[in-house]
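*Asks:* Sharing a sequence plus its predicted fold:
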Amino acid sequence: MKIENTKAQMRKGVLEYCILSILKEEDAYVAEILSTLKDAKMLVVEGTIYPLLTRLKNAGLLHYRWEESSSGPPRKYYGLTDTGKLFLNELNTTWSELQNAVNLVTQSKTSKK
Amino acid sequence: MNKTVNINLAGIFFHIDEDAYLKLSRYLEAIKRSFTDSQGRSEIIADIEARIAELFSERIQNDRQVVGLKLVDEVIAIMGQPEDYLVDDEIFEDEPSSQYNQKSSSTRRLFRDTDNSYVGGVSAGLGHYFGIDPLWIRLVWFFLIFGAGTGFLLYILLWALIPEAKTTAEKLTMTGDPVTISNIEKKIKDGIDTVSETVKNVDLKKHGDKLKEGFDTVSDTVKGVDFQKQGNRIKSGSQDFFESIGSLIMFFLKVIAKFIGIILIIVGITTLIGLIIAYFTIGITNAVHFPPMNFLDVANAANIPMWLMSTLVFFAFSIPFFFVFYLGLKILVNNLKSIGKIAKFTLLGLWLMSIIGIIIIGIKQATEYTFDAEVIAENELNIKANDTLKIQMTGMNRYKNYYFNNGNDFKLIEDDNGQSIVSSNVKLMVFSTTDSLAKITIEKEASGSSYELAKKRASAIDYNFNTTQNTLELDAFHITDAKNKFSDQEVRVTVYLPEGAILYTDKNTKRFQRKYYNSLNNILSKTETNHYFKIMNNKVECLDCEEAIEKSDDTSKLSNDTINTTIDKPEVSIKINGEDGVNIEVNDN
């Protein structure tokens, strides 16, 4: 088992949650989502995001619209659907629970030491 | 200087260097393979292409600027390697690639590995196929080459038949590595340095096609895997059960087929090797006069060149066995290169020609025996009535190293005069004659394609006899020069004895006596060897036969038993040989 794989799996596990969170306030096109994620060091390479976006869209959590761009090809602007918003709420709850749980476990370990 | 290609990426037009284009299209293809249609592959690819177009546009200052390799590398670094795209279910499975491994190891295929080749990459390819070090296979070749060069020939054959591993996918199936995206990319990356070096000189389009070909193969396998995966999900338990029974049966059928294939290969190759060795042996020994070959040469009465004969026989037998071998190989190696229509028809034609040639030679050989001719020599023997003639064979031991099993057999001997054919086909007959003097006739017979030839051959037979006092010594063999070929040479010795003469045949004539030829008149049909017989008019009388001796020995038997023997012949002569005196009592009661 490689540490890189574990790291990547951890990161990718919460990636969907992060994408949904970014789109919570306003619609964004891929480059914007990417730059947010990259700034937060959630993402190393961009490629990872495309299958995720497509899957979320196919699951009905996201919708998109085309917008012309002055500098390049037309852009896909993604936004949350109603299902997506419900989904995100649930994920929020799960995440805070998980965070607590993880904190509890890891901190109890360190306190024992 | 670099060629450029025009591409349309998500509706935006780019000039791109050819090498950069190749890299980009490889990259996109590799990504494409990592998704299935159910995941929305085309959409994902479209998104990725759009993003790449965007990244290009950001980095290009004006329309005339060309996208270079450096820019493509940069974009790929941003986008990530193909395996980074694998975010889906598989990444969370414990061993996501085990399925791939199993699948591809069972479909390891035989290719020629030209990357690690010394000659044609056959050994390296076989090494991959059997999972052993190619060194061992090269060692086998090395020894086979000493086996009359069969290794050399077999190598050429395999070189021609086994396809070269050209595409990356082929190279991966050759080594048994799973055909996964990252493996392909790895292979491509390994090769990319060499490719980029040669890319300026080599026809680029061809390279592109090759790669595309490779990707197509991969896409096929990926589709296959995917289909299986999807199918499994749908299938219920019972279907799974029948599926596994089916695959079990298929497995056994495959094993049987491979087994048959192995047998065919072994049969084909051993026969071929045998034929090749035989062929070259004939070729070599023909030059150094190896005895058995001369033997063949002498039997070859039609004077067909030996090399032609052996070549025809070689083709007539080896071509069918080559096809047997090919069939076996085809069963075993499913990606075997076809030898091509031209080669097939050439071989078929060659085979037919050989068969026809052999038939023609056979006919020609047969016509060599169509005419028989004989040469008769007659000699008087100084034997009158009441004289005794002993007949015996001489020279029995001269060729005793040769074993003759029947009259038609012949042996080839070599002496100072060159090669000669020695045959023991000598026939002895004895007839009675009313002449006062005995005579002997020697009939020499041979066959040939014409009467003249037959006659010539017959007279070329060397056969001798000699008479000393009352003994006739006949040669047990007749000899002829090897030039005359073996053409059913035969010698018939007929002895005519006057009536009243006494014949004694030595035991060693027994094998040469033709008792059953004209048995009514043939004296020999009535006589035994090692006994004296008096010749009468077509009859014989034994003078010292066992019967008589036996009766005279057993006197007690004679006194007790009543013997009633009536001799009713015009002339009766009783000869009694007694060493310690003879006592004859005649009681006439």
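*Replies:* Structure's in. What do you need?
*Asks:* which residue ranges form the helices in the stretch 451-589 of chain B?
*Replies:* B:451-459, B:546-553, B:555-560 (DSSP state H, counting those that start in this stretch).
*Asks:* what's the first one in contact with?
*Replies:* If you take C-beta atoms under 8 Å, 6 or more residues apart in numbering or on different chains as the criterion, helix B:451-459 is touched by B:371-375, B:444-448, B:480, B:484-485, B:487, B:489. C-beta: built from backbone N, CA, C; applies to glycine.
*Asks:* change it to 7 Å
*Replies:* With C-beta atoms under 7 Å, 6 or more residues apart in numbering or on different chains as the test, helix B:451-459 has contacts from B:371-375, B:444-448, B:484, B:487, B:489.
*Asks:* Could you tell me the backbone phi and psi angles at the closest residue to chain A within chain B?
*Replies:* In chain B, the residue that lies nearest chain A is B:Gly80 (2.5 Å; C-beta to the nearest C-beta). Backbone dihedrals for B:Gly80, given as degrees, to the nearest 10, come out at phi 100, psi 160.
*Asks:* And the next helix or strand past the helix or strand of chain B with the lowest mean pLDDT?
*Replies:* Lowest by mean pLDDT, DSSP states H and E among the helices and strands of chain B is helix B:98-106, with a mean of 39. For helix B:98-106, the succeeding helix or strand toward the C-terminus, using DSSP states H and E, is helix B:122-130.
*Asks:* what's the helix or strand just after that next one packed up against?
*Replies:* Next in sequence after helix B:122-130, counting helices and strands by DSSP H and E, comes helix B:134-146. Under the contact criterion of 3 or more C-beta pairs under 7 Å, 6 or more residues apart in numbering or on different chains; DSSP states H and E, helix B:134-146 touches helix B:122-130, helix B:150-161.
*Asks:* Buried residues, helix B:134-146. List them.
*Replies:* The neighbour-count check on helix B:134-146 (16 or more other C-beta atoms under 10 Å in any protein chain shown) flags B:Pro134, B:Ile137, B:Arg138, B:Trp141, B:Leu144 as buried.
*Asks:* and the helices and strands packed on helix B:134-146, which is most packed in?
*Replies:* helix B:122-130 (a mean of 23; mean count of other C-beta atoms under 10 Å in any protein chain shown).
*Asks:* tell me the angle of that one relative to helix B:134-146?
*Replies:* 130 degrees (axes from the mean of the first three to the mean of the last three C-alpha atoms, to 10 degrees).
*Asks:* Okay, angle between helix B:122-130 and helix B:150-161 too, please.
*Replies:* 70 degrees.
*Asks:* other SSEs contacting helix B:122-130?
*Replies:* helix B:134-146, helix B:150-161, helix B:168-175.
*Asks:* Take these and lay them out in CSV including mean pLDDT.
*Replies:* Output for the helices and strands packed on helix B:122-130, formatted as CSV (pLDDT from 0 to 100):
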stretch, mean pLDDT
helix B:134-146, 75
helix B:150-161, 74
helix B:168-175, 71
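*Asks:* so can I have TSV of those showing distance to B:Gly125?
*Replies:* Formatted as TSV, those follow (distance: least, C-beta to C-beta, whole Å):
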stretch	distance to B:Gly125
helix B:134-146	8
helix B:150-161	9
helix B:168-175	6
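*Asks:* Out of the ones you listed, which gets nearest to B:Glu49?
*Replies:* Across the helices and strands packed on helix B:122-130, B:Glu49 has its closest neighbour in helix B:168-175 (22.5 Å, C-beta to C-beta).
*Asks:* I'd like to know which of the buried residues of helix B:134-146 is nearest to A:Arg55.
*Replies:* Using C-beta to C-beta, those come closest to A:Arg55 at B:Pro134, 45.8 Å.
*Asks:* That closest one reaches B:Ala124, doesn't it?
*Replies:* Yes. Between B:Pro134 and B:Ala124 there is a contact under C-beta atoms under 7 Å: 4.6 Å.
*Asks:* Now do residue 82: how many residues are near it, please.
*Replies:* Answering for chain A, as no chain was given. By the criterion of other C-beta atoms under 10 Å in any protein chain shown, A:Asp82 has 10 neighbours.
*Asks:* that's the wrong chain, I meant chain B
*Replies:* By other C-beta under 10 Å, the residues close to B:Pro82 number 23.
*Asks:* ok, now B:Lys456?
*Replies:* 15.
*Asks:* tell me which element residue 55 is part of?
*Replies:* No chain specified, so I'll use chain A. helix A:49-58.
*Asks:* I was thinking of chain B, sorry if that wasn't clear
*Replies:* helix B:41-59.
*Asks:* Okay, domains of chain B per the record?
*Replies:* B:4-104+B:203-229, B:252-367, B:371-546 (automatic domain parsing).
*Asks:* Distance to A:Tyr29 for these - can I get that in a markdown table?
*Replies:* As requested, the domains of chain B are exported to a markdown table (distance: least, C-beta to C-beta, whole Å):
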| stretch | distance to A:Tyr29 |
| --- | --- |
| domain B:4-104+B:203-229 | 10 |
| domain B:252-367 | 47 |
| domain B:371-546 | 99 |
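*Asks:* Where among the ones you listed is average confidence lowest?
*Replies:* Between the domains of chain B, the lowest average pLDDT goes to domain B:4-104+B:203-229, which shows a mean of 71.
*Asks:* Close to chain B: what parts of chain A are there?
*Replies:* For chain A, the residues in contact with chain B (C-beta under 7 Å from any C-beta of the partner chain) are A:9, A:12, A:30-31, A:45-48, A:50-54, A:58, A:71-73, A:76.
*Asks:* redo that, cut-off 6 Å
*Replies:* Proximity of chain A to chain B, by C-beta under 6 Å from any C-beta of the partner chain, involves residues A:12, A:45-48, A:50-52, A:54, A:58, A:71-73.
*Asks:* Farthest-apart pair in the residues you listed, please.
*Replies:* A:Lys12 and A:Ser71 (30.1 Å).
*Asks:* okay, those two: which has more neighbours?
*Replies:* Neighbours per residue (other C-beta under 10 Å) separate A:Lys12 from A:Ser71, with A:Lys12 holding more: 19 against 9.
*Asks:* Which helix or strand contains the more buried one?
*Replies:* Using DSSP H and E, A:Lys12 sits in helix A:3-25.
*Asks:* Tabulate the CA atom coordinates of that helix in PDB.
*Replies:* Only the C-alpha atoms of helix A:3-25 are listed here, as PDB (Å, rounded to 0.1, in the frame of the first residue of the first chain):
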ATOM      1  CA  ILE A   3       1.000   6.500   0.900                       C
ATOM      2  CA  GLU A   4       0.300   8.400  -2.300                       C
ATOM      3  CA  ASN A   5      -2.700   6.100  -3.100                       C
ATOM      4  CA  THR A   6      -4.100   6.600   0.400                       C
ATOM      5  CA  LYS A   7      -3.700  10.300   0.200                       C
ATOM      6  CA  ALA A   8      -5.300  10.400  -3.200                       C
ATOM      7  CA  GLN A   9      -8.200   8.300  -2.100                       C
ATOM      8  CA  MET A  10      -8.700  10.500   1.000                       C
ATOM      9  CA  ARG A  11      -8.700  13.600  -1.200                       C
ATOM     10  CA  LYS A  12     -10.900  12.200  -3.900                       C
ATOM     11  CA  GLY A  13     -13.400  11.000  -1.300                       C
ATOM     12  CA  VAL A  14     -14.200  14.500  -0.300                       C
ATOM     13  CA  LEU A  15     -13.800  16.000  -3.700                       C
ATOM     14  CA  GLU A  16     -17.400  15.700  -4.600                       C
ATOM     15  CA  TYR A  17     -18.400  17.300  -1.400                       C
ATOM     16  CA  CYS A  18     -16.000  20.200  -2.100                       C
ATOM     17  CA  ILE A  19     -17.300  20.700  -5.600                       C
ATOM     18  CA  LEU A  20     -20.900  20.900  -4.400                       C
ATOM     19  CA  SER A  21     -19.900  23.300  -1.700                       C
ATOM     20  CA  ILE A  22     -18.200  25.600  -4.200                       C
ATOM     21  CA  LEU A  23     -21.300  25.700  -6.300                       C
ATOM     22  CA  LYS A  24     -23.500  26.400  -3.300                       C
ATOM     23  CA  GLU A  25     -23.400  30.200  -3.500                       C
END
